[in-house]
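Asker: A predicted structure for the sequence below; I have some questions about it.
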Amino acid sequence: MKSSYPNYRLAWLTDPPPAIVRQDYSINNCEIKSLPIDAELGSGTVEQRRVGLGINLIHWRHQFKPSSSGKLIQLVEFAGVFTEPTFVARYAYNGQFCHRDDDGKTDLIFSSGMGIFRYGNHISTKMYLDGSSNSEMISLQIGKSTLNNLFGQNDAEELLIALDLNPPTKSIVRSVPYSVSELIQVAMDSKYHGSARNLYTQAKVLESLANLLSSLHRTKTDARVSNRRMKIVELHDYLTKLEGKLPTLTALSHDFGISARIMNEEFVSEYGESIFSFITGYRLDQAHHALESSNTSMKIISANLGYSHVNHFITAFRRKFGYSPGKLRHKDREVIESLIESLEVE
């Protein structure tokens, strides 16, 4: 397995001229370095931990003094070349960060509950901090070959695609569930030593990546469900305005881009009855109103409602209301005649 650990160039923007720091720790060696932040602004540390399997964690902590409040603190230029395409995730735990990508034009703002993701052969970012509060961030780096070995190639590709990182693009900012970022923090704060620490950290990183993939699946599923619901509402509105012969479920499925089975199931879930049951009942209610309020013949009404023969309309009407449309009109005439007689008596 190739090592994906790069040589880093850390150009400290607060300490010109830039210092060149090359980190070449052994696999089990952890070292905490002080960040050269102006003492009048505050202080900070950075810790790198290599835990085997091509997994690298970098932990950044910054403490600022009240005089830094409201200031954007220019901190560091972070650049490196990887030996293979590498997945990089940075999770914020406190404070607010601004990362400027290597194009020099894109400023990415993220804070607690968010992460910034990147995939490629190199990384080049300038980091800025909001001095209004203390901040903490952990960066995870893991090579493509390691992702493939841990997840399997299909799931590794799926993770990158779900994050819009395959093919490689610029950095992406996303909201991150607590179940994802917490595990990276737990992995970094492990109190184990030696091989036990490495195994524990590897397990937590893998669990975090699995939770990340699951959360992306849920997000896409929720989006699909929301989109389907909007289409079902559109279908309902379409059916209430439709005149004449009804289209088939197959035709509706094609027009609304949902399979006939799922479309009908979603309609039942939303409105409590099937598409056929709804539109039949809705049109018969319209027919009932038309018979009561107009002299239009039953033949014309039944044709306008999409029935091929008036007898089919009469049968459906009787099944829904318990009496025929002819009896409804006869009953209405009796009511009208009775009303006329009562007016004449007066």
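Answerer: Sure, I can see it. Computed from a prediction, not measured in an experiment: that's the story for all the values here.
Asker: distance of residue 97 from residue 180?
Answerer: As judged by C-beta to C-beta, to the nearest Å, residue 97 and residue 180 stand 17 Å apart. (C-beta placed from N, C-alpha, C; glycine too.)
Asker: let me fix that: residue 150
Answerer: Using C-beta to C-beta, residue 150 is found at 16 Å from residue 180.
Asker: next one: residue 171
Answerer: In terms of C-beta to C-beta, residue 171 sits 17 Å off from residue 180.
Asker: which helices and strands does the host helix or strand of residue 80 pack with?
Answerer: Secondary-structure assignment from DSSP states H and E places residue 80 in strand 72-94. Taking 3 or more C-beta pairs under 8 Å, 6 or more residues apart in numbering; DSSP states H and E as contact, the helices and strands that strand 72-94 lies on are strand 7-12, strand 96-100, strand 107-111, strand 114-130, strand 135-143, helix 144-151, helix 178-188.
Asker: just say which of those is most tucked in.
Answerer: strand 135-143 (a mean of 22; mean count of other C-beta atoms under 10 Å).
Asker: average pLDDT for stretch 125-136, rounded please.
Answerer: For stretch 125-136, mean pLDDT is 88.
Asker: chain center to it, what's the gap?
Answerer: Here stretch 125-136 is found 27 Å from its chain centre; the criterion is C-alpha atoms, centre = their mean, to the nearest Å.
Asker: show the end-to-end separation of it, please.
Answerer: Stretch 125-136 has an end-to-end distance of 17 Å (C-alpha to C-alpha, to the nearest Å).
Asker: contact partners of that stretch?
Answerer: Stretch 125-136 is contacted by residues 13, 41-42, 59-64, 68-79, 92-102, 171 when judged by C-beta atoms under 8 Å, 6 or more residues apart in numbering.
Asker: can you name the element that comes right after the lowest-mean-pLDDT helix or strand in the chain?
Answerer: When each helix and strand of the chain is scored by mean pLDDT, DSSP states H and E, strand 7-12 comes last, with a mean of 46. For strand 7-12, the following helix or strand on the C-terminal side (DSSP H and E) is strand 31-34.
Asker: run the chain-centre distance for the next helix or strand after that following strand.
Answerer: Toward the C-terminal end, the helix or strand that comes next after strand 31-34 (DSSP H and E) is strand 42-50. Put simply, strand 42-50 sits 32 Å off its chain's centre (C-alpha atoms, centre = their mean).
Asker: report the buried residues of strand 42-50.
Answerer: Within strand 42-50, the residues that count as buried by 16 or more other C-beta atoms under 10 Å are 42, 44, 46, 48, 49, 50.
Asker: for residue 316, grab the count of nearby residues.
Answerer: Residue 316: 19 surrounding residues under other C-beta atoms under 10 Å.
Asker: any idea which element it lies in?
Answerer: Residue 316 belongs to helix 310-321 when assigned by DSSP H and E.
Asker: now residue 206
Answerer: Using DSSP H and E, residue 206 falls in helix 194-241.
Asker: contacting residues around the following helix or strand past that helix?
Answerer: Later in the chain than helix 194-241, the nearest helix or strand by DSSP H and E is helix 249-256. Outside helix 249-256, the residues within contact range by C-beta under 8 Å, 6+ apart are 231, 234, 235, 247, 259, 260, 263, 264, 275, 276.
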